[in-house]
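> Everything below, folded, please.
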Amino acid sequence: MNDQFMTDSQGRQVPVELVKEIDKLRDQTVRRIADEAMKMKEVLGDFKKRIRDDIYAFVGLSAEQYGKSWGGKKGNITLSTFDGKYRLIVAMDDTITFDERLQIARELIGDCIKKWSDGSRNEIRILVQDAFQVDKTGKVSTARVLGLRRLDIHDPDWQKAMTAITESIQISGSKQYLRFYERDEQGAYIQIPLDVAAL
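Numbering: from 1, shown residues only. Predicted coordinates:
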């Protein structure tokens with residue numbers, strides 16, 4: 001905002017004298033808080049990088065004790081203080097998607113359900129329909145689809161469908177999470193929140 005004009009949400013220059021005082025105050029309040037948030041984002045980004053480097057340096061040092069070099073950064077790591085009061089976890093979380101073979105699996109499962117329809121397997125039909133439902137973004141639930149593989153069904157067509165599901169799995173990305181815990185008086189580990197909403 002300059003002295004004469006304020007830019008509105010459509011990018012238009014509005015003379016300052018035409019802007020209500022409450023709108024000016026709102027703009028100043030949000031701008032000040034957003035500036036603080038951006039600074040905090042930088043602080044947290046630096047903190048994350050620094051502690052990740054410290055963790056990897058420690059794990060590398062620990063590996064050297066056994067004559068090994070550690071070049072992982074892929075697996076999960078859990079470290080605790082000597083007294084067990086604090087624990088930190090580095091966790092890798094893969095994003096799973098499915099390729100076209102998932103649709104083939106769905107058809108194979110559909111064939112199985114038709115074949116079994118004269119029996120009392122309505123539960124399976126509901127389970128399968130639920131597993132293949134899509135969310136608002138058009139994605140199926142990975143957990144529900146993979147959960148079908150845990151069903152103990154020995155029908156060859158079902159087994160073929162489960163193989164198609166397994167082979168359709170694609171890892172589309174990985175994300176690293178750093179979590180910090182403090183042990184309470186009952187011995188349970190409670191996550192230390194670094195998320196503003198969790199505070």
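
> switch to C-alpha atoms for all contacts and neighbour counts from now on
Will do.

> By mean pLDDT, which helix or strand of the chain comes out lowest?
helix 122-131 (a mean of 73; mean pLDDT, DSSP states H and E).

> right, and the helix or strand after it?
Per DSSP states H and E, helix 122-131 leads on to helix 142-147 as the next helix or strand towards the C-terminus.

> ok now that following helix, how far from the chain's centre?
With CA atoms, centre = their mean, to the nearest Å as the basis, helix 142-147 stands 16 Å off its chain's centre.

> What are the buried residues along it?
Residues V145 are the ones in helix 142-147 that count as buried (16 or more other CA atoms under 10 Å).

> Around A63, how many other residues sit close by?
Close neighbours of A63, defined as other CA atoms under 10 Å, add up to 14.

> Same question for R183.
16.

> Could I get the contacting residues of it?
G84, K85, Y86, Y189, I190 (CA atoms under 8 Å, 6 or more residues apart in numbering).

> Which parts of the chain belong to which domain?
By the record's domain assignment, the chain is partitioned as 1-73, 75-199 (automatic domain parsing).

> most tightly surrounded among the ones you listed?
Comparing the domains of the chain by mean neighbour count (mean count of other CA atoms under 10 Å), domain 75-199 ranks first with a mean of 14.

> Tell me how far that domain lies from the chain's centre.
Mean-position distance between domain 75-199 and its chain equals 12 Å (CA atoms, centre = their mean).

> now swap in stretch 54-66 and tell me
27 Å.

> Can you give me the separation between the spatially closest residue to I169 that is not a sequence neighbour and V140?
Of all residues not flanking I169 in the chain, F98 sits nearest, at 4.7 Å (CA to CA, 6 or more residues apart in numbering). Distance of F98 to V140, computed by CA to CA, to the nearest Å: 9 Å.

> Ok, A105 next?
The gap separating A105 from V140 is 13 Å, by CA to CA.

> Next: F180.
31 Å.

> isn't Q191 right up against D184?
No: Q191 is not in contact with D184 according to CA atoms under 8 Å; the separation is 10.2 Å.

> Report the mean per-residue pLDDT for the helix ranked longest in the chain.
In the chain, assigned by DSSP state H, the helix with the most residues is helix 21-64. Helix 21-64 carries an average pLDDT of 92.
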